[in-house]
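[1] Got a predicted model here, sequence first, then my questions.
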Amino acid sequence: MTPEILLVYASRYGQTRMIATRIADVVEQEGGRVHPWNVDGIPAAVDLRAFDVVVLAGAVMWGRHARRLRRFISRNLALLSTVRSILVSVSNAACSAEGRPFAEEYAQRLFRETGWQPDSFVLFGGGTTFTKYGFFTRLVMTRVERDHGRGTDRTRDYDYTDWEAVDAFARSLAHDKERVASSE
């Protein structure tokens with residue numbers, strides 16, 4: 001039996017959307033069924049209980065997951081506690097071993113703030129999209145990226161996502177709804 005997967009994502013500058021799209025594509029290539037929705041466009045009538053797994057993917061900026069994702073979780077907390085659920089957390093902190101504890105803390109903060117306790121969570125590196133940032137964000141991110149030894153060319157974007165890890169997660173999601181790859 002192929003699992004029915006609901007994939008809800010909140011993306012600020014597009015990296016989380018790309019990760020969600022890749023997860024959906026790989027799950028479908030592997031024979032699974034996935035229903036991807038931007039958190040802003042998901043119909044209120046969608047019943048989370050109709051799915052074997054609910055995956056929530058969210059970008060982290062300035063140490064917090066997007067407010068839109070936090071609101072979705074809060075509005076659906078009762079239902080989320082009745083279904084198998086997974087968080088996909090996307091941040092530049094997850095790009096390196098040194099940053100991983102920060103990335104894990106971002107996920108734990110989300111759980112504390114919302115009361116949601118997913119069955120598992122995964123952490124993926126994000127990207128730096130200088131070409132999409134406003135002046136202030138571009139300025140701050142230039143310094144942050146320099147401090148972490150990453151690229152600072154403001155005329156281009158940087159992709160720090162480990163796409164092989166995303167593919168592996170998606171394959172595990174498609175093939176085994178009971179034991180999905182976890183970073184716990």
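    Sure, I can see it.
[2] Point out where the chain drops to low pLDDT.
    1, 177-184 (pLDDT under 70).
[3] quick check: domain ranges of it?
    The chain breaks down into these domains under automatic domain parsing: 4-126+162-175, 128-160.
[4] show me where the protein has helices.
    Counting by DSSP state H, the chain has helices at residues 15-29, 67-75, 77-80, 100-114, 135-147, 163-175.
[5] Figure out which of those is closest to residue 157.
    Set against residue 157 and scored by C-beta to C-beta, the helices of the chain come closest in helix 15-29, at 8.9 Å. For every residue, glycine as well, the C-beta is placed using N, CA and C.
[6] which other helices and strands contact that closest one?
    Counting contacts by 3 or more C-beta pairs under 8 Å, 6 or more residues apart in numbering; DSSP states H and E, helix 15-29 packs against strand 4-10, strand 33-38, strand 53-61, strand 84-90, helix 163-175.
[7] Name the residues of that helix that are buried.
    By 16 or more other C-beta atoms under 10 Å, the buried positions in helix 15-29 come out as 15-20, 22-24, 26-28.
[8] and the angle for that helix with helix 163-175?
    Compare the direction of helix 15-29 with that of helix 163-175 by axes from the mean of the first three to the mean of the last three C-alpha atoms, to 10 degrees and you get 50 degrees.
[9] thinking again about what came up before, of the domains of the chain, which stretch is the most buried?
    domain 4-126+162-175 (a mean of 18; mean count of other C-beta atoms under 10 Å).
[10] Between the two ends of it, what distance do you get?
    In domain 4-126+162-175, first residue to last residue: 11 Å (C-alpha to C-alpha, to the nearest Å).
[11] contacting residues for the residue minimising distance to the centre of the chain?
    Taking C-alpha atoms, centre = their mean, the centroid of the chain lies closest to residue 57, which sits 2.9 Å from it. By C-beta atoms under 8 Å, 6 or more residues apart in numbering, the contact list for residue 57 reads 7-11, 16, 19-20, 23, 87-90.
[12] quick one on the thing from earlier: if we compare the helices and strands packed on helix 15-29, which one ends up closest to residue 107?
    strand 84-90 (4.7 Å).
[13] Residue 76 versus the closest residue to residue 133 other than its chain neighbours, what's the distance?
    Take residue 133 and drop its neighbours on the chain: the residue closest to it by C-beta to C-beta, 6 or more residues apart in numbering is residue 141, 6.2 Å away. Remark: distance between residue 141 and residue 76 (C-beta to C-beta, to the nearest Å) = 32 Å.
[14] Sounds good, over and out.
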